[in-house]
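Asks: kindly generate the corresponding structure for this input.
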Amino acid sequence: MKTREAKAIARWQERPEHGFSTVELLIVMIVIVVVTAIAVVQLPASLKNARSDNALRQMVDQLRQAREYAIANRRFVQVTFPVAGGTYQVQYTVMNTLTPGGQAANTVYPAISLPFPLQFQTFGTLPDTPDGFGNGAAVFFGGVNGGPPGGMYFRSDGEFVNATTNLPINGTVFMGSPGDVTTARAVTVLGTTGRVRGWRGSTGTAWTQF
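Replies: Numbers count the residues shown, from 1 in each chain. A predicted model of the protein is given here:
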C-alpha cells in the first residue's frame, strides 16, 4: 500500500511537462514591443516638457531671488532680459549706486540662460495669462515692449517698479520653442507686491498655473 507521499510523487510524475508554448512566448514578445514603442513615441514630448518646465522654474526662481535680495538688503535690484549671442537670458543687478550715500559699484549677478531652442516669444493660439498683464510682446512690462526704457527693478519693500517713475508696473515674460506651442511658458510679475507666478500653456489654447 502506497503512502500519501508516494501517491503524491506518482501523481506528479504522471503529469505532462510544464512550460511556455511558442504562442505564449510570441504574445509576451509582442506586448514588450508595443510597450517599448509607446515609450519611444512619448519620450521626445516628455523631454520637451521637462526642458520647458525647468526653464520656467529657473526664471521664476531668479526673479524671486532678486525680490528677496532687495527686501533683505534694502537695495534696488534691477531686472533685465538680455539676448546675448542668440541666447535668451534673465539677469539681475544690485544697484548699490542708488542707495543713499552708497559709493560701491553695482553688483551684476550671473545671467540665467534659457536652454536651446527656447526663446522669448508669444504664440498666436494662446491668449494672455489669467493675470491679464498684456501680451503685446514676448517681454511686456508696463505696456511696453521690453519694459520701460529707463529700466525696472524691485524696491526694498518688494514692489516692482518703473525705474524712471518709481511707480509699480505689471508684466509678463513669454517663452517657448519656435513653432511648438506645447512648450509655451510664461512668468508674470505683479508690481504692487512683486509676486512672481509661473504659467504653462502646453494645451495650446489656455494657461494653467505652474
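Asks: pLDDT below threshold where in this structure?
Replies: 1-20, 24, 33-46, 102 (pLDDT under 70).
Asks: where along it do the strands fall?
Replies: 77-80, 83-84, 87-94, 107-108, 112-113, 119-120, 139-141, 144-145, 152-154, 160-162, 171-177, 180-190, 195-200, 208-209 (DSSP state E).
Asks: off-centre distance for stretch 172-187?
Replies: Mean-position distance between stretch 172-187 and its chain equals 9 Å (Cα atoms, centre = their mean, to the nearest Å).
Asks: list the buried residues in it.
Replies: 172-177, 180-187 (16 or more other Cβ atoms under 10 Å). From N, CA and C alone the C-beta is placed, and that goes for glycine too.
Asks: distance to residue 147 added to the residues you listed, as a markdown table?
Replies: Listed next are those as a markdown table, based on distance: Cβ to Cβ, whole Å:
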| residue | distance to residue 147 |
| --- | --- |
| 172 | 11 |
| 173 | 10 |
| 174 | 13 |
| 175 | 15 |
| 176 | 19 |
| 177 | 23 |
| 180 | 26 |
| 181 | 24 |
| 182 | 27 |
| 183 | 23 |
| 184 | 20 |
| 185 | 19 |
| 186 | 15 |
| 187 | 13 |
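Asks: so for residue 57, which of the strands of the chain sits nearest?
Replies: Nearest to residue 57 among the strands of the chain is strand 195-200; the distance by Cβ to Cβ comes to 7.2 Å.
Asks: now the helices for the protein?
Replies: All helices of the chain, identified by DSSP state H, fall at 4-14, 22-73.
Asks: can you name every helix or strand that the last one contacts?
Replies: Other elements packing on helix 22-73 under the criterion 3 or more Cβ pairs under 8 Å, 6 or more residues apart in numbering; DSSP states H and E are strand 77-80, strand 87-94, strand 112-113, strand 152-154, strand 171-177, strand 180-190, strand 195-200.
Asks: kindly recompute the last result at 10 Å.
Replies: Contact here means 3 or more Cβ pairs under 10 Å, 6 or more residues apart in numbering; DSSP states H and E; on that basis helix 22-73 packs against strand 77-80, strand 87-94, strand 112-113, strand 152-154, strand 160-162, strand 171-177, strand 180-190, strand 195-200.
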